[in-house]
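Participant: let's see this in three dimensions:
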Amino acid sequence: MEGPGNPQRRRRIELAGAVWANVLPLIGVLVWEWDLAALILLYWLEVGVGLWWAAIEAGIAERPSDYSPAMLIFGTARYRRGGVSIPRTSLTWYVHNLPIVALTAIFFGCAWALVGVIGLESVLAAQGTGRSVGGTLGSVLGFAGCLFVGRGWETLSVYVGERRYRDANAQQVVQEALWPLWILGLIVMAVLPVVQEAATGSPLLVALIGGKFLFDLLRSTYGSIRAFDADNGGWLGAADIGDDSDWEPRPLESSPTSDASTRIRPHRIGVVLEGISAGFSSVLGALFALLAAFVIAVLLLGGDRSVLWWLPVPLALVAGLGVLDRALRYWAITYRIDDRGNLLASGRLSGRTHRVVDGDGVSTVDVVVTRTDRRLETTTVRIDPVDAERTVRIPCLADRDARAVLECLGDADRHEPEADALARASN
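Facilitator: Below is the predicted model:
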């Protein structure tokens, strides 16, 4: 996640941030006589501050994330262009980052709250009945505010000022922010066995601060966990990322959308049926199958039939997520064929062009007839670009729309002769 700018200045800022984040708790322990619970509370708030700024950074990252475009819900936004411009800046909050930002706010936010509550309660219980952080709460919150300001300054100076957001993706940013959460969990698990009145004095707390400082120093030295992983054999798996450096997140302003004459849209019922099938073909579908198998096993062993009520809500959830996924992919997108023979994919509401498929840039065009197509007498068209860019799949097209796509890209080299493809589109 290295961007343009001055690497030495960047490392100085990150080193200053690491020192700042560890000097504050050291002062708290030595001057305000913090106990372990107060130190854990500050570290927990520091992780929350990191997640907050990570969500901000993730929203403006320009590269698409590394998950598969076929992934349920998440894959619908990976290559969506455009977003909301931030006033008085050159920054944009991009649509393709929305799933990761939502995941950070909801799932990881809940995980952060859960780890903090469980960890703090465990430490307080182990230290003794009646102990609390009330006496040091003011200083802890004051230092947390200082950490918030310091982390914000680092974001503006390094991430925005050095334009690192141009070479980063939201997934990398959130992965970086999650490492302190795992470290906090390890700290809690490491100290709980020795948490006693006589064992939680200043020496232990200073040792914990020193250990965390070494971790922060390692991050500031390498610039990111991904850079550390790349330099040390990739055993963490953080260095394995996709390469989408040529993808442009801004709308294709030069696309000839005003010349578009033919609109192509998948069959609405076909999209719903495709969505249900996609939901049960996903990981969630496999989990539902395991739940259904368990319920059947309980019934076969003589269990109460009330266990059948475990199935309707997961069933509706899996099918609903699948339909939502396909609706975002195909109902929210309008395909057009312009007068120049290009196939355009544009947002139905915004009108922004997300993809332009030129007939000269296509390797193969295949016609696929799925079970849904047979029921609705429609056709699915699959388009593979020459440059190995992501495949375009348009399901459940009426015969005339399928012919229009095939004729638009008729000069492409296909796996099958055009006549056979058209014949399959009609059947």
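Participant: and the residue most central in space within the chain, what does it touch?
Facilitator: Nearest residue to the geometric centre of the chain (Cα atoms, centre = their mean): Ile100, 2.9 Å. Taking Cβ atoms under 8 Å, 6 or more residues apart in numbering, we find Ile100 in contact with 58, 65, 74, 170-171, 174. For the C-beta atoms, the positions are set from N, CA and C on the backbone; glycine is no exception.
Participant: residues of the strand or helix carrying Val101 that come out buried?
Facilitator: Under the criterion of DSSP states H and E, Val101 resides in helix 98-103. Going by neighbour count (16 or more other Cβ atoms under 10 Å), the buried part of helix 98-103 is 98-101, 103.
Participant: quick revisit: kindly provide the distance from the residue nearest to the centre of the chain to Trp93.
Facilitator: According to Cβ to Cβ, to the nearest Å, Ile100 and Trp93 sit 12 Å apart.
Participant: what of Leu287?
Facilitator: Distance of Leu287 to Trp93, given as Cβ to Cβ: 32 Å.
Participant: looking at the two, which is more packed in?
Facilitator: Remark: of Leu287 and Trp93, Trp93 carries more neighbours, 15 against 12, as counted by other Cβ atoms under 10 Å.
Participant: surely the more buried one touches Glu62?
Facilitator: No: Trp93 sits out of contact with Glu62 when judged by Cβ atoms under 8 Å, with a separation of 11.3 Å.
Participant: what does the helix or strand containing Phe288 rub up against?
Facilitator: Using DSSP H and E, Phe288 maps to helix 283-300. Residues from elsewhere that reach helix 283-300 (Cβ under 8 Å, 6+ apart): 72, 279-280, 305, 307-308, 310-311, 314-315, 317-318, 321-322.
Participant: buried set for that helix?
Facilitator: Using 16+ other Cβ under 10 Å as the test for burial, helix 283-300 gives 284-285, 288, 295.
Participant: so which elements touch the next helix or strand after it?
Facilitator: Reading on from helix 283-300 to the C-terminus, the next helix or strand found by DSSP H and E is helix 312-326. Other helices and strands packing on helix 312-326, by 3 or more Cβ pairs under 8 Å, 6 or more residues apart in numbering; DSSP states H and E, are helix 268-281, helix 283-300.
Participant: check for me that Leu218 belongs to a helix.
Facilitator: Yes: membership of Leu218 in a helix is supported by DSSP: H, G, I helix; E, B strand; the rest coil.
Participant: so, low pLDDT: which residues of the stretch 301-427 of the chain?
Facilitator: Applying pLDDT under 70 to the stretch 301-427 of the chain picks out residues 339, 359, 387-389, 410-427.
Participant: quick one: low-confidence parts of the stretch 151-300 of the chain?
Facilitator: Within the stretch 151-300 of the chain, the stretches with pLDDT under 70 are 192-201, 221-262.
Participant: redo that, cut-off 80
Facilitator: For the stretch 151-300 of the chain, the stretches with pLDDT under 80 are 179, 181-204, 218-263.
Participant: where do the helices sit along it?
Facilitator: Applying DSSP state H, counting those that start in this stretch to the stretch 151-300 of the chain gives helices spanning 170-191, 202-222, 225-231, 268-281, 283-300.
Participant: what's the closest of these to Pro395?
Facilitator: Comparison of those against Pro395 by Cβ to Cβ identifies helix 268-281 as nearest, at 5.3 Å.
Participant: contacts for that closest one?
Facilitator: Residues contacting helix 268-281 (Cβ under 8 Å, 6+ apart): 72, 285, 288-289, 318-327, 330-331, 370, 372-373, 375-376, 378, 395-396.
Participant: okay, angle between the helix or strand where Leu147 lies and helix 202-222 too, please.
Facilitator: Using DSSP H and E, Leu147 sits within helix 137-154. Helix 137-154 and helix 202-222 are oriented at 10 degrees to each other (axes from the mean of the first three to the mean of the last three Cα atoms, to 10 degrees).
Participant: list the buried residues in helix 137-154.
Facilitator: For helix 137-154, using 16+ other Cβ under 10 Å, the buried residues are 139-140, 143-144, 147-148, 150-151, 154.
Participant: repeat that for stretch 355-373.
Facilitator: The neighbour-count check on stretch 355-373 (16+ other Cβ under 10 Å) flags 355-359, 362, 364-367, 370, 372-373 as buried.
Participant: need those in CSV (columns: secondary structure and distance to Leu218).
Facilitator: Listed next are the buried residues of stretch 355-373 as CSV, based on DSSP: H, G, I helix; E, B strand; the rest coil; distance: Cβ to Cβ, whole Å:
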residue, secondary structure, distance to Leu218
Arg355, strand, 41
Val356, strand, 44
Val357, strand, 45
Asp358, coil, 47
Gly359, helix, 51
Val362, strand, 47
Thr364, strand, 47
Val365, strand, 50
Asp366, strand, 49
Val367, strand, 54
Thr370, coil, 51
Thr372, helix, 52
Asp373, helix, 54
